[in-house]
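got a sequence here, can you model it:
(one chain, ligands or ions: 1)
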Amino acid sequence: MTDQRWIKICGLSTPETVDAAVDAGADAVGFVFAAGSPRTVTADLAKELVERVPEGIDAVGVFRDQQIDEVVGIASEVGLTTLQLHGRESVSDFARARDAGFFTIRAVAAADYLRETAEQRAAFDHDLLLLDAAVPGSGTLVDPATLAGRVDEAWILAGGLTPANVVAAVQALDPDGVDVSSGVESARGVKDAAKIRSFVEAVRSIP
Ligand SMILES: O=C(O)c1ccccc1NCC(=O)[C@H](O)[C@H](O)COP(=O)(O)O
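Okay, the predicted model is just below:
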């Protein structure tokens, strides 16, 4: 994390759009390994893309309900710095990922997070929390009113953000960072360099 708001551009799958995110000033680039997404990448492709990511920018792998030893193996092979576990991973899965040396992001649907007790939340040892819509990568906005004042740890806002709405969302909730995927696409699963630039510029314009 830096002093400024952390920005992750997720679901990248081409060299050009990785370069666009890096050049725009994103802090992290995300690669979806979870099956069934229009953005899913293979380990071979991800490795090529990660090689383009300069040091200091987080290379995030997004996994969902995969055996944690497999996840750690893939992440090591690909050269990821960060694991975003986006399913029903357990407390011990997070511990395993951290022990293996990865920065960890616990991704949870905002509505599920709000139902958790303080004890349930505290059990997870992650570096960052990411709150998302119920269906990840769907472009569905999380209603800011449900979250205002209800998160008391370092957190990333995701879900339905776009260059046009991100300023208002950040001003309403003051998250430590933001994550976007479909809001910077020109078609489902197809990233758009101009939209990536606009998104980063919009976030950086917030005092
Ligand atoms: O992006 C996907 O298709 C995806 C599939 C399965 C698990 C996670 C996935 N994305 C994770 C992300 O971090 C997305 O950026 C996040 O859900 C926000 O997506 P969007 O609402 O499209 O901006």
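
what separation do you get for residue 124 and the ligand?
Note on residue 124: its distance to the ligand, by Cβ to the nearest ligand atom, to the nearest Å, is 17 Å. Bear in mind the C-beta positions are built from the backbone N, C-alpha and C, glycine included.

quick check: that residue touching residue 106?
Yes: using Cβ atoms under 8 Å, residue 124 is in contact with residue 106, at 5.5 Å.

give me the common contacts of those two.
residue 94 (Cβ atoms under 8 Å, 6 or more residues apart in numbering).

those two - which one has more neighbours?
When neighbours are counted by other Cβ atoms under 10 Å, residue 124 and residue 106 differ, and residue 106 comes out ahead with 25 against 19.

and the residue of the chain most remote from its centre, helix, strand or coil?
Here the chain reaches farthest from its C-alpha mean at residue 119, the gap being 24.2 Å by Cα atoms, centre = their mean. Put simply, residue 119 is helix when judged by DSSP: H, G, I helix; E, B strand; the rest coil.

how much space separates it from the ligand?
For residue 119, the distance to the ligand - Cβ to the nearest ligand atom - is 26 Å.

could you do residue 161 as well?
Distance from residue 161 to the ligand, by Cβ to the nearest ligand atom: 6 Å.

what bridges to the nearest residue to that residue once chain neighbours are set aside?
Nearest residue to residue 161 in three dimensions, chain neighbours excluded: residue 180, at 4.7 Å (Cβ to Cβ, 6 or more residues apart in numbering). Residue 180 forms beta bridges with residue 9, as assigned by DSSP bridges.

repeat that for the one 5 residues further on.
Counting by DSSP bridges, residue 185 is bridged to residue 191.
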